[in-house]
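Colleague: Structure, please.
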Amino acid sequence: MTSIRLGTSSWTAAGWEGPFYPPGLPAARWLEHYAREFDTVEVDATFYRIPEERTVDAWRDRTPPGFLFAAKVPQVITHEKLLEGCLEETTAFLKVMRRLGDRLGPLLLQFRYFRQAEMPDPKPFLERLERFLPALPSDMRFAVEVRNKSFLGDRLFDMLRRQGIALAFIDHPWFPTIDHLMKRPAARTAPFSYIRWLGDRVEIEKRTKVWDRLILDRTAEMRRWAAAVRTLQAGERTVHGYFNNHYAGYGVGSIRLFREILAESTPPEPLPGN
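Modeller: Numbering: from 1, shown residues only. As a prediction, the model looks like this:
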């Protein structure tokens, strides 16, 4: 059975108390409240450090059966060591995340944008990825996010497909549009799909840093994404999708709007090439 799981990038943010969390609700109970409305979340905190066992245990114990945690792989692996000499950190991270049991969702290997001067050719990065990915456990799900358009080619798609790893589709100024990506079936590299609605952090932070309401109208873009999600689901893929506050100003509000668009009685026009 295919499904779509929608969540936010983290369950805490400046401005959510009031619009989403009841005033006065202790922060220790926010996750429980969040899990009443959404069935998944992308954990951002794991990017900065490997969580302690007791922290992961608390995540598991405070959420209902069926809830899933996606999580970012620590930056020491993806950024500082760039996939080399990081066996100890990778092993430790995967071990602690296994404590989530049936609440463990996909783990995201997020890579930064590499400027032309520092990496003019994608080959060195792809070679590192080719050496790293086969060592990942096959009973866990992974997604890979790249932000350099030049990395998006058959070599990347093929290596991800061999390992059953998803290419993360992102809504970001530096990345191809979803219309473009849906014309490339080879980019659908796993039995599931992973979507991140990121937006333009620099531009939106010029307008606000309190994430309590939608300040950008993303309806048109969401309709295109809704068409893509339907196409992905028609291909028997479960879709995991996460909205960042920077996408439109309020991740919770973006999910609610996207749900309305998905539920529209008249589907949007098909994406070109589908």
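
Colleague: Tell me the bridge partners for Glu17.
Modeller: Tyr21 (DSSP bridges).

Colleague: Ignore what I typed, I meant Thr8.
Modeller: Going by DSSP bridges, Thr8 is paired in beta bridges with Phe243.

Colleague: what's near enough to touch it?
Modeller: Contact partners of Thr8, counting by Cβ atoms under 8 Å, 6 or more residues apart in numbering, are Phe38, Val41, Glu42, Tyr242, Phe243, Asn244, Asn245, Gly251, Val252, Ile255. Quick note: C-beta positions are derived from backbone N, CA and C, even for glycine.

Colleague: Quick one: buried ones out of the residues you listed?
Modeller: Among the contacts of Thr8, the ones that count as buried by 16 or more other Cβ atoms under 10 Å are Phe38, Val41, Glu42, Tyr242, Phe243, Asn244, Asn245, Gly251, Val252, Ile255.

Colleague: Run a quick neighbour tally on Gly164.
Modeller: Using other Cβ atoms under 10 Å, Gly164 has 15 other residues around it.

Colleague: how deep is the closest residue to it other than its chain neighbours tucked in, by neighbour count?
Modeller: Of all residues beyond its chain neighbours, the one nearest Gly164 is Ala190 (5.2 Å), with distances taken as Cβ to Cβ, 6 or more residues apart in numbering. Neighbours of Ala190 under the rule other Cβ under 10 Å: 20.

Colleague: can you check Glu118 too?
Modeller: 6.

Colleague: Check the gap between it and Arg141 for me.
Modeller: 30 Å (Cβ to Cβ, to the nearest Å).

Colleague: tell me the mean pLDDT for the top helix by length along the chain?
Modeller: Assignment by DSSP state H gives helix 219-234 as the longest helix of the chain. Per-region confidence: helix 219-234 scores 95 on mean pLDDT.

Colleague: cool, stretch 169-176 as well?
Modeller: For stretch 169-176, mean pLDDT rounds to 93.

Colleague: got it, and stretch 256-269?
Modeller: pLDDT averaged over stretch 256-269 gives 78.

Colleague: cool, stretch 89-101 as well?
Modeller: 98.

Colleague: ok, residues contacting it?
Modeller: So stretch 89-101 is contacted by 46, 50-53, 56-57, 59-60, 69, 71, 73-74, 76-77, 81, 104, 107, 135, 137, 140 (Cβ under 8 Å, 6+ apart).

Colleague: Next, count neighbours for Pro23.
Modeller: When counting by other Cβ under 10 Å, one arrives at 6 neighbours for Pro23.

Colleague: same check, this time on His172
Modeller: 19.

Colleague: if we can go back for a sec, just give me the closest of the buried ones among the contacts of Thr8 to Phe114.
Modeller: Minimum distance to Phe114 across the buried ones among the contacts of Thr8 is 21.2 Å, recorded for Asn244 (Cβ to Cβ).

Colleague: got the contact list for that closest one?
Modeller: Contact partners of Asn244, counting by Cβ under 8 Å, 6+ apart, are Thr8, Ser9, Arg196, Trp197, Leu198, Gly199, Gly251.

Colleague: Please report how far it lies from Pro64.
Modeller: Taken as Cβ to Cβ, the span from Asn244 to Pro64 is 24 Å.

Colleague: And the helices in the stretch 1-150 of the chain, which stretches?
Modeller: Here the stretch 1-150 of the chain has its helices, by DSSP state H, counting those that start in this stretch, at 30-37, 53-61, 75, 87-97, 123-132.
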